[in-house]
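Student: When you get a sec, could you give me coordinates for this:
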Amino acid sequence: MSIKAFFDESHDSKRERLIVFASYYAAEQVWADFEQAWCKLLSRHGLTDFHANECEHSRGQFKGWSRSDRDEVQREAIELICSAKVHGVACGLQLTTYNACLAEFKARRRIPRYRKVSGSLGDPFYLAFQFAIERMAVEINDSGIPEEEKVSLVFDQQFDYSACAAEIHCSLRESSKLEFVHRLGRISFDSRRDYVELQAADVLAYELFRFMDGQLGGPRKRDRWQWSELARHIPGCYIIPNEAIQEILSWL
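Tutor: Below is the predicted model:
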């Protein structure tokens, strides 16, 4: 059995409050069945891919669609995700205190010069990215999946971040202290247009951000049926709070 996990992230426009990562993992055969069903859904609605933000705000392929038509395709997409044998993981990082300490993170959190890529890891993307990998590996470790099974990680393309992010992944795999490192397989950064599984992660990331941002002090939004459905199929939301930032700094 080969396991694959697909990740996407979401944040507020100025990255002042919150960044989240959402992911789904499953066996490759489960993903193969999911891909067939998802492609049929796209075809029925005349879509080349599904992007939750565009659907919600009637942009891109959804420009001119009525609210009821957009709700219909959202409902079909979420029902497909929830009925598939995929497992969701939701996590994130509060940014208020992090941003206040940004100069310290830039100075202390760095890739050494002897690595393939070097430089600062001060951008909060990298801490959230690392937390997402760690949380996924812990979930798989606790899931009963055989110990010898590794998980291949696929992230949505982030051209500005992928080189340093790959180095973080490499350093995690080389760690002798983390109990879950034997779970970590190879990593890649790909387009959601090429991997429909990333479109499922995009749906969860979008709804996770809207929910958690409201819970943690951002603009309060009405409860959404989309999140209510998705949340029933994930074990919980793991957020690094503002209060933990100073402790993280002390470890660096």
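
Student: low-scoring pLDDT stretches of this structure, where are they?
Tutor: Scanning the chain for pLDDT under 70 picks out 1, 220-221.

Student: Which stretches in it count as strands?
Tutor: 3-11, 18-27, 87-94, 110-111, 119-120, 151-156, 184-190, 237-240 (DSSP state E).

Student: Restrict stretch 228-240 to CA atoms and write it as PDB.
Tutor: Taking C-alpha atoms only, stretch 228-240 is exported to PDB below (Å, rounded to 0.1, in the frame of the first residue of the first chain):
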ATOM      1  CA  SER A 228     -19.800  21.900   9.000                       C
ATOM      2  CA  GLU A 229     -19.800  19.000   6.500                       C
ATOM      3  CA  LEU A 230     -16.000  18.900   6.100                       C
ATOM      4  CA  ALA A 231     -15.300  19.200   9.800                       C
ATOM      5  CA  ARG A 232     -17.200  16.000  10.600                       C
ATOM      6  CA  HIS A 233     -14.600  14.100   8.800                       C
ATOM      7  CA  ILE A 234     -11.400  15.500  10.300                       C
ATOM      8  CA  PRO A 235     -10.000  14.800  13.800                       C
ATOM      9  CA  GLY A 236      -9.700  18.400  14.800                       C
ATOM     10  CA  CYS A 237      -7.800  21.700  14.100                       C
ATOM     11  CA  TYR A 238      -4.300  22.100  15.300                       C
ATOM     12  CA  ILE A 239      -3.300  25.700  15.500                       C
ATOM     13  CA  ILE A 240       0.000  27.200  16.900                       C
END
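
Student: Now do it: everything it contacts.
Tutor: 18, 20, 78-79, 81-82, 87-94, 127-128, 131, 135, 139, 203-204, 207-208, 211-212, 216, 248 (C-beta atoms under 8 Å, 6 or more residues apart in numbering). (C-beta placed from N, C-alpha, C; glycine too.)

Student: Can you say which of the strands of the chain is nearest to residue 199?
Tutor: strand 3-11 (8.5 Å; C-beta to C-beta).

Student: Walk me through which strands the closest one pairs with, and which way each runs.
Tutor: strand 18-27 (antiparallel), strand 151-156 (parallel) (DSSP bridges).

Student: Narrow the contacts of stretch 228-240 to those that are buried.
Tutor: For the contacts of stretch 228-240, a burial check counting by 16 or more other C-beta atoms under 10 Å picks out 18, 20, 78, 81, 87-94, 127-128, 131, 135, 139, 203-204, 207-208, 211-212, 216, 248.
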